[in-house]
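K.L.:
sequence plus the predicted model coming up.
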Amino acid sequence: MKKKVAVLPGDGIGQEVMNGALDVLKAVGDWFGHEFEVVQGDIGGVAIDLHGNPLPSETLELCKKSDAVLLGAVGGPKWKDVPVHLRPEKGLLEIRKELGLFANLRPVSTFESLLSASPLKRNVVEDVDFVLVRELTGGLYFGKPSERRGKNKEVAVDTLQYERSEIERVVHKAFQLASKRRKKLTSVDKANVLETSRMWREIVDEVSGSYPDIEVEHLLVDVAAMKLVYQPKQFDVIVTENMFGDILSDEASMLTGSLGMLPSASLREDGFGLYEPVHGSAPDIAGQDKANPLAMILSVAMMLRHSFGLKEEAEMIELAVQEVLNAGYRTGDLWNLGNGPVVGTKAMSQFVVERLEAD
Ligand code: NAI
Ligand code: MG
């Protein structure tokens, strides 16, 4: 198979974790005889520095001409004083919107050898395996107006708005995913307070008519936050709006032990996708070879599975990650686990590549 992949490392640890992920992609390609052409582009702070824009048109064009996109992370203290419309994070919001990536899949499953890394008890986190589906191109992060008002700008306004079609498409995606899994869908909202949530709930109930074999549960977001740490095993697929999904997925990452373990896929209807770790640019550890590359590496596996239909290749990467963890290797974020040595970003990535080459 021949595919073109747009690679946007971004800022902070983005470049560091991307290097390892590209080595992994190459190793898998070589093993199975696929040709993955990798073309790099700029996004975020680095793009502001080089092009004066967090999402230069060249980058967007590159993504549109590619078969999939890999993204590291954007942002950092260097750009904290630039105008809001030029923030690195704006590049991220725009690329999602421009490419129409409305469904963000964030799988959360615990690794046996990392169970003691979780701040929660072993019996709570073992066998946790769910996917959080976050709506990604609507809601509070995109609603207009979003501004300061008043003589002294003493009023701040953001707008939470959803169109029916935006909710329907992501809910369908979540039902389809649940059909291939354990056939349970939990929809998370705040229907006791928010009008958007009441419409969300109505639509979930309507759409559920097309998926009679899926069990549907509605949870208020506050209860969902509680159940994520109390009974995470009960979830199979969770679907929720943009901001609730953002918050709940960081919470859920701690079930696995570290934000550095969570990959994600942002998908369009036709299967085109952007793949990135859930974490950000981690300025506190950037440039120190300390970042955990596994979330980025697992994002490559998601790309192979969801955009290219390469299930066996994806599983090979996931297995290699599992084996490296079983062997006891840990990056600093997982320092309190296991007896193995603490290793850096490069070494951790290299161990995964070696596992792949050894197969
Ligand atoms: P963050 O996710 O970058 O870091 C939070 C904490 O987790 C930090 O202590 C960091 O060291 C640690 N961490 C994150 N990823 C790690 C990894 N792979 N290995 C080891 N430790 C890891 O979130 P934070 O600090 O709130 O944001 C930093 C910058 O990143 C901000 O500019 C923010 O806007 C941006 N950001 C970008 C995202 C993206 O590009 N998708 C997502 C979230 C934040
Ligand atoms: Mg977040």
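P.N.:
Good, I have the coordinates. The structure displayed is predicted, hence computed values, not measured ones. Numbers count the residues shown, from 1 in each chain. Ligands and ions are numbered 1, 2, ... in the order given.
K.L.:
how about the residues of this structure by ligand 1?
P.N.:
13, 17, 73-76, 89, 92, 259-260, 276, 279-285, 291-292, 295, 333 (C-beta under 6 Å from any ligand atom). Heads up, the C-betas are built off the backbone N, CA and C, glycines and all.
K.L.:
so which of the residues you listed belong to strands?
P.N.:
If you go by DSSP state E, those have 73, 276 in strands.
K.L.:
drop anything exposed from the residues of the chain next to ligand 1.
P.N.:
13, 17, 73-76, 89, 92, 259-260, 276, 279-283, 285, 291-292, 295, 333 (16 or more other C-beta atoms under 10 Å).
K.L.:
so where do the helices sit in the stretch 151-300 of the chain?
P.N.:
Using DSSP state H, counting those that start in this stretch, the helices of the stretch 151-300 of the chain run over residues 164-179, 195-208, 221-230, 242-256, 294-306.
K.L.:
helices or strands up against the shortest one?
P.N.:
Contacts defined by 3 or more C-beta pairs under 8 Å, 6 or more residues apart in numbering; DSSP states H and E place helix 221-230 against strand 184-189, strand 237-240, helix 242-256.
K.L.:
what average pLDDT does it get?
P.N.:
Regarding helix 221-230, the rounded mean pLDDT is 97.
K.L.:
ok, stretch 85-101 next?
P.N.:
Across stretch 85-101, pLDDT averages out at 94.
K.L.:
show me the contact partners of that stretch.
P.N.:
Residues outside stretch 85-101 that contact it (C-beta atoms under 8 Å, 6 or more residues apart in numbering) are 8, 10-11, 43-45, 47-48, 52-55, 59-60, 63-64, 69, 71, 74-76, 79, 84, 136-137, 141-142, 266-269, 272-274.
K.L.:
switch to 7 Å and redo it
P.N.:
For stretch 85-101, the external contacting residues (C-beta atoms under 7 Å, 6 or more residues apart in numbering) are 11, 43-45, 47-48, 54-55, 60, 63, 74-75, 79, 136-137, 141-142, 266-268, 273-274.
K.L.:
stretch 239-252 now?
P.N.:
104, 106, 108, 132-136, 138-141, 170-171, 174, 185, 187-189, 200, 221, 224-225, 228, 259, 278.
K.L.:
CA atoms of stretch 322-331 as PDB?
P.N.:
C-alpha atoms of stretch 322-331 as PDB (Å, rounded to 0.1, in the frame of the first residue of the first chain):
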ATOM      1  CA  GLN A 322       2.600  -3.600  25.500                       C
ATOM      2  CA  GLU A 323       5.700  -5.700  25.400                       C
ATOM      3  CA  VAL A 324       8.000  -2.700  26.100                       C
ATOM      4  CA  LEU A 325       5.900  -1.800  29.100                       C
ATOM      5  CA  ASN A 326       5.800  -5.500  30.200                       C
ATOM      6  CA  ALA A 327       9.600  -5.400  30.000                       C
ATOM      7  CA  GLY A 328       9.500  -2.700  32.700                       C
ATOM      8  CA  TYR A 329      10.600   0.300  30.700                       C
ATOM      9  CA  ARG A 330       9.100   3.600  31.900                       C
ATOM     10  CA  THR A 331       9.300   7.300  30.900                       C
END
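K.L.:
list the contacts for the most centrally placed residue in the chain?
P.N.:
For the chain, the residue sitting closest to the mean C-alpha position, by C-alpha atoms, centre = their mean, is residue 264 at 2.7 Å. Contacts of residue 264 were listed using C-beta under 7 Å, 6+ apart, and they are 104, 105, 106, 276, 277, 278, 299.
K.L.:
quick check, pLDDT for the last one.
P.N.:
Per-residue confidence for residue 299 comes out at a pLDDT of 98.
K.L.:
what sits against it?
P.N.:
So residue 299 contacts 21, 70, 263, 264, 275, 276, 277 (C-beta under 7 Å, 6+ apart).
K.L.:
looking at the residues you listed, which is nearest residue 32?
P.N.:
residue 21 (16.8 Å; C-beta to C-beta).
K.L.:
which residues does the helix or strand encompassing that closest one contact?
P.N.:
Element membership for residue 21 (DSSP states H and E) is helix 13-32. If you take C-beta under 7 Å, 6+ apart as the criterion, helix 13-32 is touched by 7, 9, 35-36, 38, 70, 72-74, 277, 281-282, 285-286, 289, 291, 293, 296-297, 299-300, 313, 316-317, 345-346, 349, 352-353, 356-357.
K.L.:
so residue 44 is in contact with residue 10, correct?
P.N.:
Yes: the criterion here is C-beta atoms under 7 Å, and residue 44 meets it with residue 10 at 4.4 Å.
K.L.:
need the residues touching each of these two.
P.N.:
Listed as contacting both residue 44 and residue 10 by C-beta under 7 Å, 6+ apart are residue 74.
K.L.:
which parts of stretch 13-29 are buried?
P.N.:
Neighbour-count burial for stretch 13-29 [16+ other C-beta under 10 Å]: 13-25, 27-29.
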